[in-house]
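[1] Below are the sequence and a predicted model; questions follow.
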Amino acid sequence: MTAKQRKSSTGAAAPLAAAAAAAGPGPAAAAATLALHIAAPPLYSASSNATNPNGRTRSSTGPPPVSAGGLDKLPFWSADDKVLERWNAMTLEELNDEDSVARSFCRHATKTLARGSYNMDNFAAYFAAAHSVRDRLLDHWNATQNYHSAKNPKRIYYMSLEFLLGRTLDNAMLNLSVKKSFNSALGGLGFRLEDLIEEEMDAALGNGGLGRLAACFMDSMATLDYPAWGYGIRYQYGIFQQRIMDGYQTEFPDYWLNFGNPWEIERLDVCYEIRFRGHVNKITDASGRARYVWEGGEKVLAIAYDNPIPGFETKNCINIRLWSSKPTKEFDFASFNDGNYDKSVEEQKAAENITACFQYFFVSATLQDVIRRFKKSNLAWNQFPNQVSIQLNDTHPTLGIAELQRILVDEEDIVTKTYSFTNHTVLPEALEKWAVPLMQDLLPRLMMIIFDINLFFLQKVERVFPGDRERLRRMSIVEEGQPQFIRMAFLAVVGSHTVNGVAALHSELVKSMLFQDFVEYFGEARFTNVTNGVTPRRWLHQANPRLSELIVQKLGNDDFLKNLGELQKLKKFSTDPAFQKQWMEIKYRNKVRLAQHIQIHCGVDVSPDALFDIQCKRFHEYKRQFMNILGVIHRYKKLKEMSKEELSKQVKKVVIFAGKSAPGYYIAKLIIKLINNAATVLNEDPQTSEYLKLVFIPNYNKLLFPQVISRSTFSTAGTEASGTSNMKFVLNGGLIIGTVDGANIEIGEEVGEENIWLFGTLTPDVEDVRHAQRYRPTVLDPALDLVVKAIQHGEFGEPSIFEPLISTLTFGHDFYIISKDFQAYLETLATIDTAYKDKAAWAKRSINAAASMGKFSSDRSIQDYAQNIWHIKPVTVPKE
């Protein structure tokens, strides 16, 4: 049974689908489809220093601080020189020769999994291989943690609600440089390493691009030797498994943890109490100072699960610590025996409902852990920002600002010197808001602190802009209304020393559209840009190994994997016919693999000789998959009008869609329905199916990235923050068709206008177009009108189904200006058809585009953060 079969064989629809449907598109919907892991075994109650009822206390990690004093009272294991010598002799690192790897594999198969040669299969072999690789990871991880503890450098703590790490086995072997040893060792034992890699399930720790970016960043921090920790949540279910039923997206749970996770280390001794609800009492301490104490309410435990992240060609192995929630008492047996069943499960139900307030759970546990580590240094609190830098990956961890302020009380400067904030959107509706009544109920002390932060901030603003009440209203963290709302992005801006966007255009829009008032108050120095990037280790070396090997052969080394600018040296070979042939043969083989995947999983036969035209993105109106499918239908209608002779001159094309809609996003799900209905018509038409095929791939993966052309970003200009999928496509030799938006602009600057096709309305003109469409008589573009009428006449299914979708173009005044851009889009497609016919010129474009991607490495992004925002330095772990 394969990993996919195991996933799809369990259970019915996700229990949180209804909550997601109510939430609609955006972060709330994503959050509603994610559930925290609630384990069955009862656990001890823990205090903030993680003490259990048996008197065992979480040990401080690393060597004891010199100035600690009273070391006999601390939970340090101590040993004389002879004992330490014995310890070191018994903890030698794993060897990586073929025999040692085979021995390690067999040991885990027989001792860890209790399997024998008579009952081994690929699934068990994957776990044995994973544990063997993890042994080697932990050698590096322990060395890294010991070295960092001894050096006590300033650390970066990267807080992200998502970490889409992908499959770990292949990536870990490549980063540790042990893949060849494992391949030969397992081959000698009768297993194909490729088969075992396919057994692994993706770690479902997020929703989409945000999580993939965070994973790239952690890989780069490890590779560049930065002392870093990632913090997130250990979700039991991912966003969802996507299935297409009668053309509609249907959501099913993603049971990625059903068979365990061999990569994580459960830390039952690292746990913290998280308080919800209760009340706040004002007391006076012995010095006569008034203080507030948060008491009562309900508590759950945050339990740590560690996930080692290895660097490439370095011993540095950092950590992502994920929090899982558990009730403080699993089951009250006394109440159960008394017949009060509801009370006996009351705490467990409360823990299961933590999804409603998981953001605070996440930040509170993280800060308790960070502060525990800081206290080991015995430094004064005013040194906290010199030891700790916390990056907020979007607004989800923003409550950490108020939580740290709660812990530190009056030390405001410490908070603002510690935090920095990355904004990932320019859509006002996507900025998180929390209702004040909800906050007052769940987090009463934090709500008081946020009110205070807001009051003190507005008092400062008023001194700079006296009497400007409208400005105070606009800048208030608390949005007035019934009810009031907390504007989380505003809290993040006020509580951080630096705010950054993720592409040059996006960062300018952040300043001019979202936070203009804050720029005027704080000054432009607080706002900066860090263009996103992707890791070439995963998105080229692992995703496209044949192409990576070809580049190594041509350049004579693999230096480009740590310095992506080295790819520039490929440009001198871009006109070499022999190299072009090798390059395009690899791309053709990748297309064959994808064609096989499509046939198996979608039941559609496609030709690898065709132009593969791919858009894989989360479904949203602003990303304009709607315009893409309207363009496909237009192409189909034109093909239907052609004679056989005219058809024979057309470029054969396979149009591929992939991506998920939020469960409650009705319009986005209608776009998926239209794509699938149109695919049924197009793929079965004997007249045109040879020249145009349409495919929707559920649950897409990295198979898509080594293909021919990306049309990844069709977003309305000024709406896409970055677009890292474009970077992955171009890094693999894909060519972009897209709008002048997000990172497309910078990609175009790097690859040159001859190697990218950009079209459409520019950002400064978008609002003028919207105004004209709303207030003046406008008609649909004639080509678009032809397509709309075909849908309304029932050519692609019952027309009433798609009426709400069509209405977005008519009664909805075409907010995303599809009609305005449609003709330019069609003309650009025609230009691409012509270009594709010249195979040598296409190969040259592909090579030159990939060779120009040096700027878009996540290594460069992380160096920008480290030098300009976090102010941290590499700490290289000695290899010996």
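    On my side now, so go ahead. Residues are numbered from 1 along each chain as shown.

[2] ok, now which ones touch residue 809?
    If you count contacts by CB atoms under 8 Å, 6 or more residues apart in numbering, residue 809 has them with 780, 784, 788, 818-819. In this view, the C-beta of every residue, glycine as well, is placed from N, C-alpha and C.

[3] Buried ones from those, can you make that a PyMOL selection?
    In PyMOL syntax, the buried subset of the contacts of residue 809 is picked out as below (16 or more other CB atoms under 10 Å):
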select buried, resi 780+784+788+818+819
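
[4] For residue 522, state which of the contacts of residue 809 is nearest.
    Nearest to residue 522 among these, counting by CB to CB, is residue 818 at 37.4 Å.

[5] was I right about that closest one contacting residue 625?
    No: in this structure, residue 818 is not within contact of residue 625 by CB atoms under 8 Å, at 10.7 Å.

[6] does residue 518 count as helix, strand or coil?
    Three-state assignment for residue 518 (DSSP: H, G, I helix; E, B strand; the rest coil): helix.

[7] residues near it, how many?
    21 (other CB atoms under 10 Å).

[8] for the one 10 residues further on, same thing?
    For residue 528, the count of nearby residues is 18 (other CB under 10 Å).

[9] before we move on, what about residue 525?
    9.

[10] and the gap between it and residue 862?
    Using CB to CB, to the nearest Å, residue 525 is found at 21 Å from residue 862.

[11] try residue 94
    28 Å.

[12] hmm, back to that, and the contacts of residue 809, which is closest to residue 172?
    residue 818 (43.9 Å).

[13] mind listing the strands for the stretch 601-750 of the chain?
    Taking DSSP state E, counting those that start in this stretch as the criterion, the stretch 601-750 of the chain carries its strands at 611-616, 653-658, 692-697, 709-710, 735-739.

[14] where in the stretch 51-200 of the chain is pLDDT low?
    Flagging of the stretch 51-200 of the chain using pLDDT under 70 yields the residue ranges 51-77.

[15] Okay, now the unreliable bits of the chain?
    Using pLDDT under 70, the chain drops low at 1-77, 329-356, 410-412, 701-712.

[16] and residue 660, how many neighbours does it have?
    25.

[17] any idea what sits nearest it, other than its immediate chain neighbours?
    Excluding the flanking residues, the one nearest residue 660 by CB to CB, 6 or more residues apart in numbering is residue 242, at 5.1 Å.

[18] Tell me the secondary structure at that neighbour.
    Of the three states, residue 242 takes strand under three-state DSSP.

[19] got the contact list for it?
    249-252, 660, 698-699.

[20] center of this structure, which residue is that?
    Centroid check for the chain by CA atoms, centre = their mean gives residue 211 as the closest residue, at 0.9 Å.

[21] Next up, the contacts around it.
    Residue 211 touches 160, 162-164, 205, counting by CB under 8 Å, 6+ apart.

[22] One more pass at 10 Å, please.
    Contact analysis of residue 211 by CB atoms under 10 Å, 6 or more residues apart in numbering lists 30, 160-166, 203-205, 232, 238-239, 393.

[23] How about residue 747?
    503, 531, 713, 723, 726-727, 729-730, 736, 738, 755-756, 758, 849, 852-853, 855-856.

[24] circling back to that earlier point, between residue 94 and residue 862, which has more neighbouring residues?
    Neighbours were counted for residue 94 and for residue 862 using other CB under 10 Å; residue 862 has more, 27 against 16.

[25] elements contacting the biggest helix by length in the chain?
    Scanning the chain for the helix with the most residues, using DSSP state H, yields helix 122-151. Packing partners of helix 122-151 (3 or more CB pairs under 10 Å, 6 or more residues apart in numbering; DSSP states H and E): helix 3-8, helix 98-107, helix 168-176, helix 179-188, helix 193-199, strand 265-276, strand 298-310, strand 317-327.

[26] now with 7 Å?
    helix 98-107, helix 168-176, helix 193-199, strand 298-310, strand 317-327 (3 or more CB pairs under 7 Å, 6 or more residues apart in numbering; DSSP states H and E).

[27] partners of the fourth one, with directions?
    This means strand 298-310. If you go by DSSP bridges, strand 298-310 pairs up with strand 265-276 (antiparallel), strand 317-327 (antiparallel).

[28] So residue 833 sits against residue 649, correct?
    No: assessed by CB atoms under 7 Å, residue 833 is found out of contact with residue 649, at 10.1 Å.

[29] Which residue ranges of the stretch 501-650 of the chain form helices?
    In order along the chain, the stretch 501-650 of the chain carries the following helices (DSSP state H, counting those that start in this stretch): 504-509, 516-522, 536, 545-555, 577-602, 625-640, 644-647.

[30] out of the ones you listed, which comes closest to residue 470?
    With CB to CB as the criterion, residue 470 lies closest to helix 516-522 of those, at 9.9 Å.

[31] For residue 116, which non-adjacent residue is closest in space?
    Nearest residue to residue 116, sequence neighbours excluded (CB to CB, 6+ apart): residue 110, at 6.4 Å.

[32] CA-only coordinates of stretch 136-156 in PDB, if you can.
    The C-alpha coordinates for stretch 136-156 follow below in PDB (Å, rounded to 0.1, in the frame of the first residue of the first chain):
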ATOM      1  CA  ARG A 136      22.800  10.900  11.700                       C
ATOM      2  CA  LEU A 137      20.700  14.000  11.900                       C
ATOM      3  CA  LEU A 138      20.800  13.800  15.700                       C
ATOM      4  CA  ASP A 139      24.500  13.500  15.700                       C
ATOM      5  CA  HIS A 140      24.600  16.900  14.000                       C
ATOM      6  CA  TRP A 141      21.700  18.200  16.100                       C
ATOM      7  CA  ASN A 142      23.300  17.400  19.400                       C
ATOM      8  CA  ALA A 143      26.600  18.900  18.300                       C
ATOM      9  CA  THR A 144      24.800  22.000  17.200                       C
ATOM     10  CA  GLN A 145      22.800  22.500  20.400                       C
ATOM     11  CA  ASN A 146      25.900  21.900  22.600                       C
ATOM     12  CA  TYR A 147      28.000  24.300  20.600                       C
ATOM     13  CA  HIS A 148      25.300  27.000  20.600                       C
ATOM     14  CA  SER A 149      24.700  26.600  24.300                       C
ATOM     15  CA  ALA A 150      28.400  27.000  25.000                       C
ATOM     16  CA  LYS A 151      28.800  30.100  22.800                       C
ATOM     17  CA  ASN A 152      25.400  31.600  23.800                       C
ATOM     18  CA  PRO A 153      25.000  33.700  20.700                       C
ATOM     19  CA  LYS A 154      22.100  35.900  19.800                       C
ATOM     20  CA  ARG A 155      19.400  33.600  18.300                       C
ATOM     21  CA  ILE A 156      16.600  34.100  15.800                       C
END
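
[33] Now that stretch: buried residues?
    Neighbour counts over stretch 136-156 (16+ other CB under 10 Å) mark 136-141, 143-145, 147-149, 152-156 as buried.

[34] Indicate which one of the strands paired with strand 298-310 is closest to residue 368.
    So among those, strand 265-276 is nearest, using CB to CB, at 4.4 Å.

[35] After the closest one, heading C-terminal, what element do we hit next?
    Remark: after strand 265-276, the chain's next helix or strand is strand 279-284, criterion DSSP states H and E.

[36] what does that next one contact?
    With contacts defined as CB atoms under 7 Å, 6 or more residues apart in numbering, strand 279-284 is touched by 290-296, 444-445, 448.

[37] can you check stretch 495-505 too?
    The contact list for stretch 495-505, computed with CB under 7 Å, 6+ apart, reads 392, 401, 415-417, 419-424, 493, 507, 510, 526-532, 721-722, 741-743, 745-746, 763, 869.

[38] can you check stretch 158-171 too?
    Contacts of stretch 158-171 (CB under 7 Å, 6+ apart): 129-130, 133, 197, 200, 202-203, 205-207, 210-212, 214-215, 217-218, 228, 230-233, 263, 320, 362-363, 366, 390-393, 396-397, 400, 538, 542.

[39] and what of stretch 576-584?
    Counting by CB under 7 Å, 6+ apart, 550, 554, 573, 733, 840, 843-844, 846-847 sit against stretch 576-584.

[40] Make TSV from these and add neighbour count and distance to residue 689 to it.
    Below are the contacts of stretch 576-584 laid out as TSV (neighbours: other CB atoms under 10 Å; distance: CB to CB, whole Å):
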residue	neighbour count	distance to residue 689
550	17	34
554	15	39
573	18	38
733	28	27
840	12	29
843	22	28
844	20	31
846	23	27
847	23	32
